[in-house]
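Undergrad: Sequence and predicted structure below; questions after.
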Amino acid sequence: MNFTPNYKTYTLKELLVAKHNVCNEKYPKRSAEIDLAIYNKENGIVEEVEENVEINKYSTFWPRLWAVIIDGILFGLILYAECLVFGVQYSTQDSFLQALNGVQFAIYVILMHGYFGQTLGKMFMNIKVLNHDTETVINVKQALRRESVNLTLNFTWVLIILVTAVSLNMTGTISGSLTYTVVAFSVLTMVWGLSEFVTMLFNDKRRAIHDYIGKTVVVRT
């Protein structure tokens, strides 16, 4: 009985051994089958390696988290320095100061991404924001669109704090409608942050909602 092995089930090492043991002149057909199997196996390995590299390229969740922490520490120091310069008492409990810091941070992110594609934290973590469709550098306009929700939320929080302060000075109390506004805004901010987190976890390129808004993607460099 003429038995022909199923070379598709062979490993690359087994195929190379078979190639060495089969006489090309005596068994040209079988030798050709082995050559084809080796070619397919090698290309399959190359494709697998390329696929793994591509997947790893977008595995940016932890680097992005650490980049935010690094940038947050940096801006905490900047805010402290600003308080010293302007003679303002620094306090982590001062909502107005922290809100202003949030606005400054959003502007910093827009400018750094628009001109360099990276904040200092992202530079340290070797990740970069690129255009999703072309994976080329983005501009300030695209960076602004990407950060538009965070910027709006921070500006809104500053306004809410100012209105609350004025209300306290004028009446000594906070109106019920203003209290509801603060609560609603807090819930909205939490929902936005959670949505960003969940969205990032459930797509192959780890894009958050703001990446979809800005048509961007974050990659390892």
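TA: Alright, I've got the coordinates.
Undergrad: Quick check: chain neighbours aside, which residue is closest to Y80?
TA: Leaving aside its sequence neighbours, Y80 sits nearest to Y90 (C-beta to C-beta, 6 or more residues apart in numbering; 5.1 Å). For every residue, glycine as well, the C-beta is placed using N, CA and C.
Undergrad: check contacts around that neighbour.
TA: By C-beta atoms under 8 Å, 6 or more residues apart in numbering, the contact list for Y90 reads L79, Y80, C83, L84, L97.
Undergrad: What strand or helix carries K128?
TA: For K128, the enclosing helix or strand under DSSP states H and E is strand 127-131.
Undergrad: now the next helix or strand after that strand against strand 127-131, angle please.
TA: Tracing the chain C-terminally past strand 127-131 and defining elements by DSSP H and E, one meets helix 140-171 next. Using axes from the mean of the first three to the mean of the last three C-alpha atoms, to 10 degrees, one finds that helix 140-171 and strand 127-131 are set 100 degrees apart in direction.
Undergrad: Give the buried residues for stretch 154-165.
TA: N154, W157, V158, I160, I161, T164 (16 or more other C-beta atoms under 10 Å).
Undergrad: can you pull the contacts of the nearest residue to F155 once chain neighbours are set aside?
TA: Spatial nearest neighbour of F155, excluding adjacent residues (C-beta to C-beta, 6+ apart): V103 at 6.1 Å. Counting by C-beta under 8 Å, 6+ apart, V103 touches L151, N154, F155, V158.
Undergrad: what helix or strand is V103 on?
TA: Using DSSP H and E, V103 maps to helix 95-116.
Undergrad: Can you give me the buried ones in that helix?
TA: Buried residues in helix 95-116, counted by 16+ other C-beta under 10 Å: 97-103, 105-106, 108-110, 112-114.
Undergrad: Closest one to N24 out of these, please.
TA: Checking the buried residues of helix 95-116 against N24 with C-beta to C-beta, the nearest one is H113 at 58.6 Å.
Undergrad: average model confidence for stretch 127-138?
TA: The average pLDDT for stretch 127-138 rounds to 94.
Undergrad: Now tell me what touches it from outside.
TA: 60, 63-64, 67, 113-114, 117-118, 122, 142-143, 146, 205, 207, 211, 214-221.
Undergrad: In strands, which of the residues you listed appear?
TA: Those of these mapping onto strands are T216, V217, V218, V219, R220, per DSSP state E.
Undergrad: Show me the one in those residues that has more neighbours than the rest.
TA: In terms of neighbours by other C-beta atoms under 10 Å, those top out with V218 at 26 neighbours.
Undergrad: Once you drop chain neighbours, what's closest to that residue?
TA: T60 (4.7 Å).
Undergrad: isn't the one you found right up against D204?
TA: No - using C-beta atoms under 8 Å, T60 makes no contact with D204, being 11.7 Å away.
Undergrad: So if I had to pick from those two, which one is more boxed in?
TA: Legend: neighbour count by other C-beta under 10 Å for T60 and D204, higher for T60 (24 against 9).
Undergrad: where's the more buried one relative to M125, distance?
TA: Note on T60: its distance to M125, by C-beta to C-beta, to the nearest Å, is 8 Å.
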